[in-house]
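My questions concern the predicted model and sequence given below.
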Amino acid sequence: MAKAGKRLSAAREGIDRKKLYELSEAVTFVKNGAKAKFDETVEVAMNLGVDPRHADQMVRGVVTMPNGTGKDMNVAVFARDDKAEEAKAAGADVVGAEDLMERIQGGDIPFDRIIATPDMMALVGRLGKVLGPRGLMPSPRVGTVTPDVTQAVKDAKGGSVEFRVEKAGVIHAGIAKASFDAKAIEENVLAFAEAVTKAKPSGAKGTFVKRVAISSTMGPGVKIDPASILPAS
């Protein structure tokens with residue numbers, strides 16, 4: 001713990017906790033602060049002016065990072081027959097039906113993304129209480145319930161990121177690795193911010209994006225000026 005504390009303290013040097021930084025400056029701080037012995041994930045957190053307890057203020061979507069995420073995605077697909085073969089050919093890690101359902105019910109869920117063909121949703125629906133809290137429940141809204149399993153698997157493997165607002169109105173997601181060059185991280189942040197902005201729900205009033213911060217897995221958070229990353233309205 002002492003080493004971790006010293007590392008974090010060193011990483012915080014030069015960062016004004018009250019200042020809102022331009023994106024490029026914030027990314028520089030994050031890259032310089034990523035001192036762990038592994039390739040840290042770069043994460044973005046956005047505080048939104050919504051109350052997701054209301055259906056018309058839910059924010060959810062998916063975006064493909066222009067430079068990938070650097071993460072190997074473990075993808076499971078619910079499909080049968082030809083669609084199952086398509087999913088396997090596209091690179092899905094696990095493909096199944098009742099057997100996959102039983103595996104998940106047993107608590108074996110090492111998946112980052114679960115995709116299903118529309119005809120499988122009666123089966124998948126039984127897993128709502130297990131997959132829902134983990135953010136893994138397939139949904140047409142984010143393209144994980146689709147007959148085009150080939151494209152869905154390729155998108156997942158290629159760096160698509162799902163996002164969903166949490167109870168406190170916060171969205172956070174891993175969008176890159178600290179080893180990425182600064183420009184690639186900046187492009188991914190901008191793509192993520194644009195996708196969240198486009199997902200603004202009808203019930204959102206006032207300022208939609210209130211605060212934005214970026215950090216690495218073990219590093220300090222750096223506040224970003226929202227105006228420097230949001231698309232012009």
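Perfect, I can see it now. Numbers count the residues shown, from 1 in each chain.

Quick one: end-to-end distance for stretch 57-74.
30 Å (C-alpha to C-alpha, to the nearest Å).

in that stretch, what counts as buried?
Across stretch 57-74, burial judged by 16 or more other C-beta atoms under 10 Å covers 57-65, 67-71, 73-74. No exception for glycine: its C-beta is placed from N, CA and C like everyone else's.

Stretch 75-90 now?
For stretch 75-90, by 16+ other C-beta under 10 Å, it's 75, 76, 77, 78, 79, 83, 84, 86, 87, 88, 90.

closest to residue 215 among those residues?
residue 75 (26.3 Å; C-beta to C-beta).

Tell me where the model's unsure across this protein.
1-13, 232-233 (pLDDT under 70).

try it again with 80
By pLDDT under 80, the low-scoring segments of the chain are 1-14, 231-233.

wait, doesn't residue 41 sit right on residue 218?
No. With contact defined as C-beta atoms under 8 Å, residue 41 and residue 218 do not form a contacting pair (9.7 Å).

List the ones among the buried residues of stretch 75-90 that fall in helices.
83, 84, 86, 87, 88, 90 (DSSP state H).

Could you export those as a markdown table, including distance to residue 139?
Output for those, formatted as a markdown table (distance: C-beta to C-beta, whole Å):
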| residue | distance to residue 139 |
| --- | --- |
| 83 | 18 |
| 84 | 20 |
| 86 | 20 |
| 87 | 17 |
| 88 | 22 |
| 90 | 19 |
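
Which residue ranges of the chain form strands?
Counting by DSSP state E, the chain has strands at residues 41-48, 60-64, 75-78, 94-96, 113-116, 160-164, 170-177, 209-216, 222-224.

for this protein, longest helix please?
The chain, longest helix under DSSP H: helix 182-198.

about what we covered before: closest one to residue 32 out of the buried residues of stretch 75-90, please.
residue 75 (33.2 Å).

wait, the closest one sits on residue 91?
Yes. In terms of C-beta under 8 Å, residue 75 counts as a neighbour of residue 91; the distance is 7.5 Å.

shared neighbours, those two?
Listed as contacting both residue 75 and residue 91 by C-beta atoms under 8 Å, 6 or more residues apart in numbering are 153, 157.

What's the local residue count around residue 171?
23 (other C-beta atoms under 10 Å).

residues contacting the closest residue to residue 172 other than its chain neighbours?
The shortest distance from residue 172 to any residue other than its chain neighbours is 4.2 Å, reached at residue 45 (C-beta to C-beta, 6 or more residues apart in numbering). Going by C-beta under 8 Å, 6+ apart, residue 45 touches 170, 171, 172, 212, 213, 214, 215, 221.
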